[in-house]
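>>> Need coordinates for the below:
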Amino acid sequence: MLWAAWIGVLAGLWSIVAPFAAGYYGVNSVATTEAIVAGLLIGGFSLWLALADNAPQYVDYLIGLFGIWSAVAPFALAYRDLTTAFYSDVVVGIVAFIVAVVSIYYRSHHRTLHPKTA
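Numbering: from 1, shown residues only. The predicted structure is shown next:
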């Protein structure tokens, strides 16, 4: 599902801009750094998945892993009391995980992600 990969790209981009858009970049540097790094990883691997004709299967699993990390990070890094960062990271994590699951399912049943190569 090519659309799922592009949703992953959007989730990664949101994670990168969220600290600045939501205004918590000056409040908590740990939350800001985590959001930017997770966003770069989720968005970058999702972009690879969206543009490559035959991306390796492990790309899906990495997106899912980084999604899980994004959802767990507010608890692991102790910034769950920062509401905007908490909800942003959890939502991005859930979206990235769903993108990974959809992509894994689709690729296991259709052998390719891109309709043009089918």
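
>>> Work out the gap between the lengthiest helix in the chain and the centre of the chain.
Ranked by residue count under DSSP state H, the longest helix found in the chain is helix 83-110. With C-alpha atoms, centre = their mean, to the nearest Å as the basis, helix 83-110 stands 6 Å off its chain's centre.

>>> residues of that helix that come out buried?
Using 16 or more other C-beta atoms under 10 Å as the test for burial, helix 83-110 gives 84-86, 88-93, 95-100, 102-103, 106-107. The C-beta positions use only the backbone N, C-alpha and C, and glycine is treated the same way.

>>> Check stretch 11-21 too.
Buried, per 16+ other C-beta under 10 Å, within stretch 11-21: 11, 12, 13, 14, 15, 16, 18, 19.

>>> what's the farthest-apart pair in these?
Across the buried residues of stretch 11-21, the longest distance by C-beta to C-beta is 14.8 Å; it joins 11 and 19.

>>> Just the closest of the buried residues of stretch 11-21 to residue 31, please.
residue 19 (6.9 Å).

>>> The closest one: which element?
Taking DSSP states H and E as the definition, one finds residue 19 inside helix 2-21.

>>> Is residue 93 in contact with residue 72, as I believe?
Yes. Between residue 93 and residue 72 there is a contact at 7.3 Å, judged by C-beta atoms under 8 Å.

>>> Against which helices or strands is the very next helix or strand once past the helix holding residue 19 packed?
Heading C-terminal from helix 2-21, the first helix or strand you meet, by DSSP H and E, is helix 29-51. With contacts defined as 3 or more C-beta pairs under 8 Å, 6 or more residues apart in numbering; DSSP states H and E, the packing partners of helix 29-51 are helix 2-21, helix 58-76, helix 83-110.
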